[in-house]
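**Student:** Can you look at this prediction? I've put the sequence above it.
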Amino acid sequence: MTNPEDVLEITVTGGQLEQVDSFVYLGSSIKNNTDCAGEVKSRLAMGMAVMGKLTKIWKNKFVH
């Protein structure tokens, strides 16, 4: 946590929830600030990796 004053105390069914700076939800990195640069870089890298794997298929003359 960056600032102890921002810590929330939330209790659900008798247990206190842990407050974190970031977590992954449905494949997206959710952070407690508005910075999304890391998320954009990560998704671009995943897309580039997939495109690299497809290049061999696209160049194959026998695939119609």
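**Tutor:** Cool, the structure landed.
**Student:** elements contacting the lowest-mean-pLDDT helix or strand in the chain?
**Tutor:** Across the helices and strands of the chain, mean pLDDT, DSSP states H and E gives its lowest value to strand 28-31, namely a mean of 84. The helices and strands touching strand 28-31, judged by 3 or more C-beta pairs under 8 Å, 6 or more residues apart in numbering; DSSP states H and E, are strand 22-25, helix 37-59. Heads up, the C-betas are built off the backbone N, CA and C, glycines and all.
**Student:** would you turn these into CSV with distance to Leu8, mean pLDDT and mean neighbour count?
**Tutor:** Formatted as CSV, the helices and strands packed on strand 28-31 follow (distance: least, C-beta to C-beta, whole Å; pLDDT from 0 to 100; neighbours: other C-beta atoms under 10 Å):
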stretch, distance to Leu8, mean pLDDT, mean neighbour count
strand 22-25, 15, 88, 10
helix 37-59, 23, 91, 10
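**Student:** closest to Val7 out of these?
**Tutor:** Closest approach to Val7 among the helices and strands packed on strand 28-31 is made by strand 22-25 (15.4 Å; C-beta to C-beta).
**Student:** ok, residues contacting that closest one?
**Tutor:** Strand 22-25 has contacts (C-beta atoms under 8 Å, 6 or more residues apart in numbering) with 29-32.
**Student:** re earlier: could you please name the strands the least confident helix or strand of the chain pairs with and the direction of each pair?
**Tutor:** With DSSP bridges as the test, strand 28-31 is paired with strand 22-25 (antiparallel).
**Student:** Can you give the distance of the partner strand from its chain's centre?
**Tutor:** Here strand 22-25 is found 6 Å from its chain centre; the criterion is C-alpha atoms, centre = their mean, to the nearest Å.
**Student:** now swap in stretch 30-50 and tell me
**Tutor:** Mean C-alpha position of stretch 30-50 versus that of the full chain (C-alpha atoms, centre = their mean) differs by 6 Å.
**Student:** what's that stretch in contact with?
**Tutor:** 2, 20-24, 28-29.
**Student:** Would you point out the most distant pair within the residues you listed?
**Tutor:** Between any two of these, the greatest separation by C-beta to C-beta is 20.8 Å, found for Thr2 and Ser28.
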